[in-house]
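Undergrad: Sharing a model prediction with you, sequence too.
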Amino acid sequence: MNLTLKIWRQSNAQDKGKMVDYKVTEISEHMSFLEMMDVLNEQLINKGDEPVAFDHDCREGICGMCSMFINGEAHGPDRGVTTCQLHMRMFKDGDTITIEPFRAKAFPVIKDLVVDRSSFDRIQHAGGYISVNTSGNTQDANGIPISKHAADEAMDAATCIGCGACVASCKNASAMLFVGAKVSQYALLPQGQVEAVDRVKNMVAQMDLEGFGNCTNTGACEVECPKGISLENIARMNREFLSANVKS
Amino acid sequence: MSVLDSKVPKGPLKTKWIDYKNHIDLVNPANKRNIDVIVVGTGLAGGSAAATLAELGYNVKTFCYQDSPRRAHSIAAQGGINAAKNYQGDGDSTYRLFYDTVKGGDYRSREANVYRLAEVSANIIDQCVAQGVPFARDYGGLLDNRSFGGVLVSRTFYAKGQTGQQLLLGAYSAMNRQIARGKITPFNRHEMLDVVKVDGKARGIIARDLVTGEIERHSAHAVVIASGGYGNVYFLSTNAMGSNATAAWKIHKKGAFFANPCYTQIHPTCIPRSGDYQSKLTLMSESLRNDGRIWVPKNMDDVMAIREGKKKPTDLSEDERDYYLERRYPAFGNLVPRDVASRAAKERCDAGYGVNATGEAVYLDFASAIQRYGVEQAKIHNISNASADKLYKLGAAIVKEKYGNLFQMYEKIVDQDPYKTPMMIYPAVHYTMGGVWVDYNLMTTVEGLYCIGEANFSDHGANRLGASALMQGLADGYFVLPYTIGDYLSHEIRTGKIATDTPEFDAAEKEVTDKINFFVNNKGSHSVDYYHKKLGNIMWEKCGMSRNAEGLKEAMAEIKALREDFYKNVSVPGTATELNAELEKAGRVADFLELGELFAKDALEREESCGGHFREESVEIGGEQAGEAKRNDVDFAFVSAWEYKGEPSDAVLHKEELEFNEIELKQRSYK
Ligand SMILES: Cc1cc2nc3c(=O)[nH]c(=O)nc-3n(C[C@H](O)[C@H](O)[C@H](O)COP(=O)(O)OP(=O)(O)OC[C@H]3O[C@@H](n4cnc5c(N)ncnc54)[C@H](O)[C@@H]3O)c2cc1C
Ligand code: SF4
Ligand code: FES
């Protein structure tokens, strides 16, 4: 395939940035989107130009690094995948593809397609954990049975890879799906109950502080989430949040 | 005293660790706040270690090259984590886990370490559950298990096909708690580029802020390296793109011995390579072998017809298929250990039976599992006279429940539905059993410098059984290092803060800066990847699953020549004072280009077949084991620990002779 790529280039956070056109040729439909980007970068390096900076690591859809906004969608046109799992068979010869970073006030651009998602980490520092000592003196793991249903639901929420596609695809740049998934995981497990009240309040407060917008139930996040995190998690977080405020 | 002292405590194996813990020196809680520890790496090993050290009261600084600790490569582990809990009542015990691990490693690991690992394994599960790790549960609410290659009990705990992710998020959450308390200071998007030694002790590191390019000095009373494995020396592997050897290699150059570099695990169930543009290989969890049957066609005609697209695998009847693992290894069948399964696949493909265009693929077939589960479900749900279609649906639902996300991943990559047609798999470079040499305390040959997780050499011998790397990472981080490092730090309470404005820091920083300046100023003609791919090719062809003396000597010479060319002709665009992925890669590939040569040298030295490493000169000639790998315990029951002397080819070999008092060394037979 031969393609035209329109890519956002921005040399650092201060730079204004602009779209630049590139051509790539001989792209195989079996390549992943990132392998196609590798081809482009190899071409740029061989010409002595600067390659396009983008985040990636595992290349198998689990680390959550590869954030790219492709043709107006987080992680591109396929459903339930990250950019590294997107395959070129989703495109046609002669296509023009627009590639931009995940845009949100709380995700400042570092360079080209690389953004700073450390706001997610700070939300986690605010309460994304269970306060258990790591001493190895914990009780037997089967001491508290957990129903299969609860364990499975907690697992579904815990599948979030922290990629930020939910934020990037939300018109309000809300982080509710991400935070909802975190809160839900612990809310569904007996181990998470002890500090449930503080957890949800602190995480929500930090989320607001970071400059994420509010959820207006458009549901774009759920559609673009590569891990199928459901809106149910936002509802659960809201319930937890309300009852936390009632309790204190 | 020899330079290599494993410091294994005296006394019976079963009480070594308890006795040891009872006798080590402790640090007074009030003094712990005056002690700083640096942890490089925030995977399972580094993350759990950092959280625990902070919990104990030390001041911890963590480093990782990703934008968040949560993205360390441990996140990618799919299958599960072992622990000797015997929840299934199928006869598991600490001793059996210990035995399986030593045997699985082809008797090239240290007994005392492995026993300790088995001993603390059960506690890992308790710890993780308490942290909210959502392991799979059965309908009664109790933890579920599955089994993995090379063992006969069901001791693997899992969280769907995302066990590593969940365990890492557990460790990360424990880190978060300590970050919130101010006990851990995280340095993300930072790369450690050298260690600083003062009076022979590790006292800090030089790191580069990957966003600004700034070179930073960080001091501490002890340094812990938890930087993962070096499988990317092959370019193509199941590792993340950023996985590298830099931290381990840099400390090697500063005096830490490097052990068993030639022991690499080739994993049998990966998605085959499809073209030259490929950037990495994707693993399909080995747990699939619990239910999948592996085969190639019996007849060459069928192989050809399949490759040409004239026949489909499903067109072949049972008796037209060669279930070669079941045929050769009836006791373990498809569940033989990884090295055995990998070599057998390669043997069939080398003989021409590979089923894809490149001839490098075998089938992993779920049809009979779907059938079997379908019948079982029909019985459970009291459905009599179920149609074939109904049975298929019932069976496929169970398979989906167990492996759904893996099947989805396969379908996305290969564009074929594995519920309907068998998967294609082929071995790929996966895990490195070699690494920095450490003693029983997990300390390297440099005082105050520790190494844990995949980055060290311990515990797995020449081959790692499935689901035991996660176990080792967490055992090291949560339960072993926090004790052993205390013994060392108890002598540091009067040291006071370590200054960074010293000649030692100056010298280390200069070395790092010079190297970076060299790269950005060397306007060569080839990209970094050009060299990395070439190196990978040499490694795969000559230091891969089978090796011989001639090939290894060639590899050493070729890698040396490639390294020289790299320093003349590599091109790194951009500057040193910004985010520059090419510059990061250049440093990593430079280290791989040295490590690769030592790898070949180590393989050349080891004139025996061991684990997955088939030395063509060492093969069983006759008897039941004819054609299988031949180990040589008389001459090679040792850990090779290499001391740096400049050029990798000049490295000096030290041998840690392995003692087996508890386990009798036997031919590893899975027949
Ligand atoms: C695809 C895949 C599947 C697997 N499945 C299983 C499984 O089912 N069961 C099992 O037991 N094992 C499995 N393994 C193996 C297991 O995941 C790894 O061995 C283990 O997670 C390694 O953990 P670690 O903490 O040692 O290193 P990693 O998790 O690799 O962490 C390395 C850390 O070091 C940091 N780092 C590296 N270099 C530097 C530097 N120079 N400066 C700063 N930071 C640095 C990185 O940022 C990262 O934080 C699998 C491995 C792979 C690749
Ligand atoms: S909720 Fe989904 S889209 Fe949002 S960070 Fe998690 S995985 Fe990514
Ligand atoms: S690179 Fe890890 S999710 Fe895409």
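TA: Right, received. Where do you want to start? What you see is a predicted model, and the numbers here were worked out from it, not measured in a lab. Residues are numbered from 1 along each chain as shown, chains lettered A, B, ... in the order given. Ligands and ions are numbered 1, 2, ... in the order given.

Undergrad: you'd agree A:H87 is up against A:I27?
TA: No. Here A:H87 lies out of contact with A:I27, judged by CB atoms under 8 Å, at a distance of 10.8 Å. Backbone N, C-alpha and C define where each C-beta goes, glycine included.

Undergrad: centroid residue for chain A?
TA: A:C163 (1.8 Å; CA atoms, centre = their mean).

Undergrad: count of residues packed around the closest residue in space to that one that isn't next to it in sequence?
TA: For A:C163, ignoring the flanking residues on the chain, the nearest one in space by CB to CB, 6 or more residues apart in numbering or on different chains is A:G64 at 4.0 Å. The tally of other residues near A:G64 (other CB atoms under 10 Å in any protein chain shown) stands at 27.

Undergrad: cool, and the one 4 residues further on?
TA: One way to gauge burial is a neighbour count; for A:M68, by other CB under 10 Å, it gives 28.

Undergrad: got it, and the one 5 residues further on?
TA: Other residues near A:E73 number 17, with proximity taken as other CB under 10 Å.

Undergrad: Checking my notes, A:M19 in a strand, right?
TA: Yes. Judged by DSSP: H, G, I helix; E, B strand; the rest coil, A:M19 forms part of a strand.

Undergrad: give the contact list for it.
TA: Contacts for A:M19 (CB atoms under 8 Å, 6 or more residues apart in numbering or on different chains) come out as A:K6, A:I7, A:W8, A:R9, A:T98.

Undergrad: Keep only those that also lie close to ligand 3.
TA: Near ligand 3, judged by CB under 6 Å from any ligand atom, there are no entries from the contacts of A:M19.

Undergrad: Make CSV from these and add secondary structure, distance to B:N232 and neighbour count to it.
TA: Below are those laid out as CSV (DSSP: H, G, I helix; E, B strand; the rest coil; distance: CB to CB, whole Å; neighbours: other CB atoms under 10 Å in any protein chain shown):
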residue, secondary structure, distance to B:N232, neighbour count
A:K6, strand, 32, 14
A:I7, strand, 27, 21
A:W8, strand, 29, 19
A:R9, strand, 28, 16
A:T98, strand, 32, 14
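
Undergrad: So which bits of chain A are right by ligand 2?
TA: For chain A, the residues in contact with ligand 2 (CB under 6 Å from any ligand atom) are A:160-166, A:177-178, A:181, A:225-227, A:229.

Undergrad: Mind doing that once more with 5 Å?
TA: A:C160, A:I161, A:G162, A:C163, A:A165, A:C166, A:L177, A:F178, A:C225, A:K227, A:I229 (CB under 5 Å from any ligand atom).

Undergrad: Including pLDDT and secondary structure, could the residues you listed go into a markdown table?
TA: As requested, the residues of chain A next to ligand 2 are exported to a markdown table (pLDDT from 0 to 100; DSSP: H, G, I helix; E, B strand; the rest coil):
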| residue | pLDDT | secondary structure |
| --- | --- | --- |
| A:C160 | 98 | coil |
| A:I161 | 98 | coil |
| A:G162 | 98 | coil |
| A:C163 | 98 | coil |
| A:A165 | 98 | helix |
| A:C166 | 98 | helix |
| A:L177 | 98 | helix |
| A:F178 | 98 | helix |
| A:C225 | 97 | coil |
| A:K227 | 96 | coil |
| A:I229 | 98 | coil |
